[in-house]
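Asks: how would this look folded up:
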Amino acid sequence: MTVPDFRLDGKVALVTGAKRGIGKGIALTFAEAGADVAVCGRTLSELEPVAKEIRVLGRKSIAVKTDVSARSEVESLVDRVVAELGTIDILVNNAVVYTRGPLHELSEEEWERSVDIGLKGYYLCSRAVASKVMVARKKGCIINLGSTAGIRPTGRQGAYSIIKAGVIMMSKLMAVELAEYNIRVNALAPTVVKTEGTNEELLRGFITSLPLGRLTELRELTAAALFLASDAASYISGHTLVVDGGRINTFPRVRPG
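Replies: Numbers count the residues shown, from 1 in each chain. Got it, this is the predicted structure:
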């Protein structure tokens with residue numbers, strides 16, 4: 001094992017939901033590791049600065065306005081990335097819609113939008129990239145952003161825990177089905193990640209429940225994504241890499257009897 005195994009030189013990555021936060025962080029980390037990176041999301045004006053940052057790092061980049069819940073837009077996205085950047089070696093499914101409140105109060109419209117982006121969108125992007133690019137090339141890597149909420153229920157977040165549990169199972173199933181084409185599929189399961197706009201004071205109670213006593217730094221999650229995308233993880237597929245400072249191993253709080 002050598003340091004070059006963690007590089008992405010000569011590879012092309014596509015990152016969804018990349019206008020800010022985790023998606024942006026992963027896109028920039030991949031560019032720093034040598035990859036050309038396409039970024040997509042629903043607001044082009046917020047994506048263009050990310051693509052510019054990637055180009056400043058000396059890598060090629062395009063920003064594509066895409067609703068990942070629309071099959072025609074996803075297929076056009078994949079076609080454009082291949083046409084302009086040559087191929088797609090790595091897909092990172094990161095787009096998500098958050099809803100707040102208990103599940104029984106979630107409206108049907110909120111449910112459908114959350115599932116359309118956070119689960120259907122992952123399926124459409126994975127299907128398009130696999131069928132159009134990776135299967136024929138017999139190689140590729142897909143990383144799906146899950147969450148510890150998909151392993152351990154997190155209340156009052158609408159459909160979020162359900163969607164992330166689905167993402168984790170989708171990753172396992174795809175890993176088995178695509179293995180014959182040398183396509184690896186894994187999931188990342190972070191807890192709360194510190195990004196722009198994170199209010200640590202409001203999260204003080206949650207932070208005290210974390211064994212390491214602090215939130216996940218963005219660089220810590222993007223490093224995990226880089227590992228899964230790189231040749232250093234060439235024999236890892238169907239795995240959910242938990243990045244949560246040990247919280248998943250703690251006992252859940254129970255209401256006193």
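
Asks: For Leu85, see how far away the nearest residue to Asp36 once chain neighbours are set aside is.
Replies: Leaving out its chain neighbours, the residue that sits closest to Asp36 by CB to CB, 6 or more residues apart in numbering is Lys60, at 4.0 Å. Backbone N, C-alpha and C define where each C-beta goes, glycine included. Applying CB to CB, to the nearest Å, the value for Lys60 to Leu85 is 6 Å.

Asks: Between those two, tell me which one has more neighbours.
Replies: Neighbours of Lys60 and Leu85, each counted by other CB atoms under 10 Å, are more numerous for Leu85; the result is 20 against 16.

Asks: Am I right that that one is in contact with Val39?
Replies: No: if you go by CB atoms under 8 Å, Leu85 and Val39 don't touch, sitting 11.4 Å apart.

Asks: quick one: low-confidence parts of this structure?
Replies: For the chain, the stretches with pLDDT under 70 are 1-2, 251-257.

Asks: okay, and the common contacts of Leu85 and Val39?
Replies: Ile62 (CB atoms under 8 Å, 6 or more residues apart in numbering).

Asks: Correct me if wrong: Asp248 contacts Ile151.
Replies: Asp isn't right for residue 248; it's Ile. Yes: here Ile248 reaches Ile151: they are 6.1 Å apart, a contact under CB under 8 Å.

Asks: Which of the two has more residues huddled nearby?
Replies: Per other CB under 10 Å, whichever of Ile248 and Ile151 has more neighbours is Ile151, with 17 against 14.

Asks: Contacts only, for the more buried one.
Replies: 165, 168, 189, 240, 242, 248 are the contacts of Ile151 under CB under 8 Å, 6+ apart.

Asks: what does the lengthiest helix in the chain rub up against?
Replies: Criterion DSSP state H: the longest helix present in the chain is helix 160-178. Applying CB under 8 Å, 6+ apart, the external contacts of helix 160-178 come out as 93, 96, 98-99, 103, 114-115, 118-119, 122-123, 126, 130, 134-135, 140, 142, 144-147, 149-151, 153-155, 184-187, 189, 237-240.

Asks: again, only this time at 7 Å
Replies: With contacts defined as CB atoms under 7 Å, 6 or more residues apart in numbering, helix 160-178 is touched by 98, 114-115, 118-119, 122-123, 126, 130, 142, 144, 146-147, 149-150, 153-154, 184-187, 189, 237-238, 240.
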